[in-house]
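> I would like to see how this sequence folds:
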Amino acid sequence: MDLQVATLCDFAAEYQGKMVISGTFDALAAKATPIVHPQCSLAMRFCFTPEDDGDHELQISIIDEDGKPINDKMPIKGGMPVQMPENVAFMTRHLVVGFQGLTFPRPGIYSVDILVDAELIQRLPLRIVQVQEGQEQQA
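Residues are numbered from 1 along each chain as shown. Below you'll find the model as predicted:
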């Protein structure tokens with residue numbers, strides 16, 4: 001199993017078998033804490049081979065620098081069954097997880113952890129920055 005794409009973005013969708021991703025980011029800036037991001041998505045593209053056939057568990061968690069989840073809804077868990085057709089060398093699947101109202105209590109470095117079968121396969125860093133009034137909001 002290979003995670004070919006994993007990114008936070010403003011919007012993602014699958015359209016005619018293709019992944020459409022808009023506005024990828026790895027930093028958020030705001031003037032006040034807690035910092036609330038109204039809406040975003042985690043876009044993922046997996047590539048499977050015959051060895052991956054079977055049931056798997058996907059787990060996604062957004063954690064702070066101390067490894068603590070940002071809220072009580074984390075981790076997000078779900079089944080990820082893989083059924084490989086016969087005589088197919090590989091297949092890809094897209095998965096988009098939408099988030100609404102993500103709240104970060106303070107500035108710092110956060111991570112989006114993606115685990116399959118309890119094994120960390122990707123850690124996306126996310127920088128949360130507090131800016132002052134009149135300061136340019138570049139993250």
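
> Now the phi/psi pair for the residue nearest in space to the middle of the chain, please.
The geometric centre of the chain, computed from its C-alpha atoms, lies nearest to Leu42 (C-alpha atoms, centre = their mean), at 3.6 Å. Its backbone dihedrals place Leu42 at phi -110, psi 120, with angles given as degrees, to the nearest 10.

> and it, how far is that from Glu51?
Distance of Leu42 to Glu51, given as C-beta to C-beta, to the nearest Å: 25 Å. C-beta here means a position set from N, CA and C on the backbone, and glycine is covered the same way.

> returning to what we had before: for the residue nearest to the centre of the chain, give me its contacts.
6-9, 12, 60, 96-97, 99, 112, 114 (C-beta atoms under 8 Å, 6 or more residues apart in numbering).

> and with 10 Å instead?
6-9, 12, 60, 62, 76, 95-99, 112, 114, 124 (C-beta atoms under 10 Å, 6 or more residues apart in numbering).

> Over to Asp72?
When the contact criterion is C-beta under 10 Å, 6+ apart, Asp72 has no partners at all.

> For it, identify the helix or strand it belongs to.
With secondary structure defined by DSSP states H and E, Asp72 is part of neither a helix nor a strand.

> Which member of the contacts of Leu42 is positioned nearest Val36?
Val36 has its nearest neighbour among the contacts of Leu42 in Phe99, at 11.1 Å by C-beta to C-beta.
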